[in-house]
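Engineer: Quick one, what's the 3D model for this:
(one chain, ligands or ions: 1)
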Amino acid sequence: MDDLRRIERTTDMSDTKISAKGVQVYYAETHAIKDVSVDIGDKTVTAFIGPSGCGKSTFLRCLNRMNDTIDICRVQGSITMDGQDIYDPRVDPVQLRAKVGMVFQKPNPFPKSIYDNVAYGPKIHGLARTKADMDQIVEASLRRAALWNEVKDRLDAPGTGLSGGQQQRLCIARAVATAPEVLLMDEPCSALDPIATAQIEELIDELRQQFSVVIVTHSMQQAARVSQKTAFFHLGHLVEFNETDQIFTNPQDPRTESYITGRIG
Ligand SMILES: Nc1ncnc2c1ncn2[C@@H]1O[C@H](COP(=O)(O)OP(=O)(O)OP(=O)(O)O)[C@@H](O)[C@H]1O
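Structural biologist: Below you'll find the model as predicted:
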């Protein structure tokens with residue numbers, strides 16, 4: 001049994017997808033992320049929780065270099081994916097973002113058809129050689145996002161005409177269409193009703209069979225429901241990172257305990 005446990009632990013460590021070490025983020029003079037080191041597991045849902053302004057979204061955006069698009073933002077430290085430095089000047093951020101996809105708080109489909117929303121990424125990354133290839137990618141992505149059955153008869157209709165929950169699943173289909181390895185989700189359910197939220201949560205659980213998923217959420221219930229690992233941020237620090245069950249039942253740091261029991265935040 002001990003041997004088995006040792007093997008499981010070793011497997012755990014070799015399954016790190018993204019490794020961040022000593023990450024600092026500044027917006028001009030504001031020091032938003034302070035010396036954060038964390039290993040994000042493959043085929044795992046990792047939740048980032050913490051009070052408003054603690055740096056969850058900022059740190060999430062470091063993982064696909066989305067902060068590059070903010071002029072005053074500086075990122076220091078090291079972030080590797082599969083051992084490769086994602087901030088290496090030879091890494092093309094556009095290619096990186098195809099591998100590390102992102103879903104935002106507010107569903108933001110392009111003003112295009114449902115089909116074209118999903119086909120857009122594969123087209124610019126040259127993932128389909130023929131129309132049949134593209135049809136196959138679009139169908140597979142919509143199926144993976146649990147949306148195919150609802151839209152298969154109206155692929156030419158505008159994506160913006162779908163309900164909020166459907167639009168968010170369309171955005172997930174768009175993100176998975178470029179065959180990413182990691183999906184970053186920044187409060188993906190905050191604009192959705194409870195039924196649409198439950199659908200997205202179910203989907204997240206399925207997506208982790210194939211991807212590493214990182215989700216920022218304000219809802220501790222959601223973190224507890226969907227994630228296996230939870231990171232608690234406070235004032236730019238990563239205070240605690242552990243199995244989700246541990247964080248919610250036996251937090252090691254008093255700040256984590258205060259937050260999950262509703263005393264800070
Ligand atoms: N584009 C920006 N320009 C300047 N400062 C920013 C920018 N984005 C975030 N900040 C600052 O960085 C800090 C962390 O913000 P961030 O949005 O990452 O926190 P958060 O934990 O995701 O917050 P919330 O839960 O409210 O979304 C805050 O002090 C915020 O004001």
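Engineer: Flag every residue of the protein that's near the ligand.
Structural biologist: Taking C-beta under 6 Å from any ligand atom as the criterion, the chain approaches the ligand at residues Tyr27, Thr30, Ala32, Gly50, Ser52, Gly53, Cys54, Gly55, Lys56, Ser57, Thr58, Ile70. Using the backbone N, CA and C atoms, a C-beta is placed for each residue, glycine as well.
Engineer: my guess is the third one is in a helix, correct?
Structural biologist: No: the assignment for Ala32 by DSSP: H, G, I helix; E, B strand; the rest coil gives strand, which leaves it out of any helix.
Engineer: ok now do Ser141, which residues does it touch?
Structural biologist: Val118, Ala173, Arg174, Val176, Ala177 (C-beta atoms under 8 Å, 6 or more residues apart in numbering).
Engineer: SS state for the second one?
Structural biologist: Per three-state DSSP, the secondary structure class of Ala173 is helix.
Engineer: which residues sit in contact with it?
Structural biologist: By C-beta under 8 Å, 6+ apart, the neighbours of Ala173 are Asn117, Val118, Ser141, Leu142, Arg144, Ala145, Leu147.
Engineer: tally of neighbours for the first one?
Structural biologist: Spelled out, that is Asn117. 26 (other C-beta atoms under 10 Å).
Engineer: Which residue is the nearest non-sequential neighbour of it?
Structural biologist: Once flanking residues are discounted, Asn117 sits nearest to Gly159: 4.4 Å by C-beta to C-beta, 6 or more residues apart in numbering.
Engineer: and that neighbour, what pLDDT?
Structural biologist: Gly159 carries a pLDDT score of 97 in this model.
Engineer: Next: Glu187.
Structural biologist: Reported pLDDT for Glu187: 94.
Engineer: Is the residue nearest to the spatial centre of the chain bridged to anything, and to what?
Structural biologist: Residue closest to the average C-alpha location in the chain (C-alpha atoms, centre = their mean): Leu184, at 1.6 Å. With DSSP bridges as the criterion, Leu184 is bridged to Met102, Val214.
Engineer: Distance of it relative to the ligand?
Structural biologist: 12 Å (C-beta to the nearest ligand atom, to the nearest Å).
Engineer: what about the strands in the chain?
Structural biologist: 16-27, 30-41, 45-49, 73-81, 84-85, 100-103, 182-186, 212-216, 229-234, 237-243 (DSSP state E).
Engineer: Reformat those as a markdown table; add distance to Leu203.
Structural biologist: Listed next are the strands of the chain as a markdown table, based on distance: least, C-beta to C-beta, whole Å:
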| stretch | distance to Leu203 |
| --- | --- |
| strand 16-27 | 19 |
| strand 30-41 | 19 |
| strand 45-49 | 11 |
| strand 73-81 | 23 |
| strand 84-85 | 28 |
| strand 100-103 | 11 |
| strand 182-186 | 10 |
| strand 212-216 | 10 |
| strand 229-234 | 19 |
| strand 237-243 | 22 |
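Engineer: Sounds good, over and out.
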